[in-house]
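Colleague: quick one: sequence and predicted model below, then my questions.
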There are 2 protein chains.
Amino acid sequence: MTNWFVTTNGDLKSRWEAAFPDAQSAQEHNIESQIKPGDLIWLVTTVETWPALARRLVAANVTVVILSYMPNDREALKALDQGARGYVHTLAAVDVLKQVALVVANQGVWVGQELLSKVLGGSFKALQQRTEQNARPAAECLSLLTEREQSVAIAVTSGAANKEVARQLDITERTVKAHLSAIFKKLGVRDRLQLILKLANNDYRVNS
Amino acid sequence: MTNWFVTTNGDLKSRWEAAFPDAQSAQEHNIESQIKPGDLIWLVTTVETWPALARRLVAANVTVVILSYMPNDREALKALDQGARGYVHTLAAVDVLKQVALVVANQGVWVGQELLSKVLGGSFKALQQRTEQNARPAAECLSLLTEREQSVAIAVTSGAANKEVARQLDITERTVKAHLSAIFKKLGVRDRLQLILKLANNDYRVNS
DNA sequence: TTATATTCTGTCCAACGGTACAGTATTTTT
DNA sequence: AAAAATACTGTACCGTTGGACAGAATATAA
């Protein structure tokens, strides 16, 4: 994995090197021919075509973080919309840059806290009104299960098929079935549907 | 800085200890008297009063991360709105927990990539659309169906098997299947599980 | 009156789900 | 040290599910 810093004029090289000694610098016109999948690209918004470039880079299977001298909501949204995995102030502290790299390398997304709450702020009220039924005695059910069984139960509760659960937990489908059988027995349900309903705390019909 | 894990019953202690050997466990009623500013509090949503508790903890100058067994958009928004700095699956891998700790300790915000893109993906309008869609689940979906299809959908959503639905509606199992196929097609779901989740307004998928 | 929508039914088949046997390895408890 | 619990995998069986073809009767709309 290589860190690439894409700027118009090679600015701020010393900062990049302080954060990532092995980092490479590149320019808008030559970056695309040098990248390898999995690389991490830091793209400064002073590159006029940054949105299109970011999109192409993302399509090429690299991770893109946008650096802006003047961060703002709209630009952040645009960055994320292009598939960028981070949006940071260009002059963020070196430690922060390292942190961002860690996060995006681990499938996370980085945006600053104020920014996030700002971006989400508008829709809070509407959402809050809708956040009502939070009763969840699902906890008691889950506590009857072993740790692994809980993982399986929760995956199933999200609608996953056995094969998908197996992939998620990196075990065979057979093992998923074994866990599920144990789950059904412990919770006294006959199948995954009843399990969902039980964990969703809806009353369910056993039979008729 | 101390890591505190707040649960209802001290569940999953082994996981916390694997991630943070020095972590302390606490319960809803005694956590507030023990914390010091700068501490990191992991709060599980099975604690019924987690939103209010989170808010008070944030006000006390500690960092709060919300852990949920069944992550979903609304809950995530609520968590962030209370001032939480992270929102993670309770059963996230130990490595992920460590990662989250690093991020929030450095003034970052952690939400999963999928969630964030779901929330931010596209634009504000898209966000609002999505929100609206999530806000009125069953009614809106059901109105797309014919009367008979609705009956079938509702029966299935209560956990009934095809045979049971057939008995309830006094039709053959074959007809139930026919209705179901139409339902799946209209609502764009692949099976009865996803149908339940859709009608239960809980179509969040864990992991990838 | 032709067309469309709705409701109902049939057979066949591949894929999925759950169980009945099984077993091994590791850790925890007694 | 023995027993129990946990995690994992294998083969085989059978019922369920959903789709691929289908077709037929009735009501409503163009």
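Modeller: That came through, no problem.

Colleague: out of the helices and strands in chain A, which is least certain?
Modeller: Using mean pLDDT, DSSP states H and E, helix A:113-130 stands out as the lowest-scoring helix or strand of chain A, at a mean of 40.

Colleague: got a list of what residue A:164 touches?
Modeller: Residue A:164 makes contact with residue A:155, according to CB atoms under 8 Å, 6 or more residues apart in numbering or on different chains. Placement of C-beta: from N, CA and C, glycine included.

Colleague: what helix or strand is it located in?
Modeller: Assigned by DSSP states H and E, residue A:164 belongs to helix A:162-169.

Colleague: can you give me the strands in chain A?
Modeller: In chain A, the segments counted as strands under DSSP state E are A:3-7, A:24-27, A:40-44, A:63-68, A:86-89, A:110-111.

Colleague: weakest of those in terms of mean pLDDT?
Modeller: Mean pLDDT values for these show the minimum at strand A:110-111, a mean of 70.

Colleague: what about residue A:171, distance to residue A:159?
Modeller: 19 Å (CB to CB, to the nearest Å).

Colleague: the two - which one has more neighbours?
Modeller: The neighbour comparison of residue A:171 against residue A:159 (other CB atoms under 10 Å in any protein chain shown) goes to residue A:159, with 23 against 16.

Colleague: please verify my assumption that that one contacts residue B:199.
Modeller: No - look at residue A:159 against residue B:199 with CB atoms under 8 Å: they stay out of range, at 12.0 Å.

Colleague: show me the domain layout of chain A.
Modeller: A:3-120, A:138-199 (automatic domain parsing).

Colleague: need those domains in a markdown table (columns: distance to DNA strand D).
Modeller: Converted to a markdown table, these look like this (distance: least, CB to the nearest atom of the strand, whole Å):
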| stretch | distance to DNA strand D |
| --- | --- |
| domain A:3-120 | 21 |
| domain A:138-199 | 3 |
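
Colleague: so where's chain A uncertain?
Modeller: Chain A contains residues with pLDDT under 70 at A:10-12, A:70-74, A:91, A:93, A:95-96, A:99, A:102-103, A:105-109, A:111-140, A:200-208.

Colleague: how about the helices in chain A?
Modeller: A:13-19, A:50-59, A:73-81, A:94-105, A:113-130, A:138-143, A:147-157, A:162-169, A:173-187, A:192-199 (DSSP state H).

Colleague: restricting to C-alpha, output the third one in PDB.
Modeller: In this case it means helix A:73-81. This file holds the C-alpha atoms of helix A:73-81, laid out as PDB (Å, rounded to 0.1, in the frame of the first residue of the first chain):
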ATOM      1  CA  ASP A  73     -20.800  20.800   4.500                       C
ATOM      2  CA  ARG A  74     -21.500  20.800   0.900                       C
ATOM      3  CA  GLU A  75     -18.000  19.900  -0.100                       C
ATOM      4  CA  ALA A  76     -18.000  17.100   2.400                       C
ATOM      5  CA  LEU A  77     -21.100  15.700   1.000                       C
ATOM      6  CA  LYS A  78     -19.700  16.000  -2.500                       C
ATOM      7  CA  ALA A  79     -16.500  14.200  -1.400                       C
ATOM      8  CA  LEU A  80     -18.400  11.400   0.200                       C
ATOM      9  CA  ASP A  81     -20.700  11.200  -2.800                       C
END
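
Colleague: still on that earlier bit, what angle sits between the helix holding residue A:164 and helix A:147-157?
Modeller: Interaxial angle of helix A:162-169 relative to helix A:147-157 (axes from the mean of the first three to the mean of the last three CA atoms, to 10 degrees): 130 degrees.

Colleague: so which bits of helix A:162-169 are buried?
Modeller: Across helix A:162-169, burial judged by 16 or more other CB atoms under 10 Å in any protein chain shown covers A:162, A:164, A:165, A:166, A:167, A:168, A:169.

Colleague: ok, that helix near DNA strand C or not?
Modeller: Yes - using CB under 7 Å from any atom of the strand, helix A:162-169 reaches DNA strand C at A:162, A:163.

Colleague: centre of the chain to that helix, how far?
Modeller: Using CA atoms, centre = their mean, to the nearest Å, the distance from the centre of helix A:162-169 to the centre of the chain it belongs to is 19 Å.

Colleague: stretch A:5-20 too?
Modeller: Distance, stretch centre to chain centre, for stretch A:5-20: 26 Å (CA atoms, centre = their mean).
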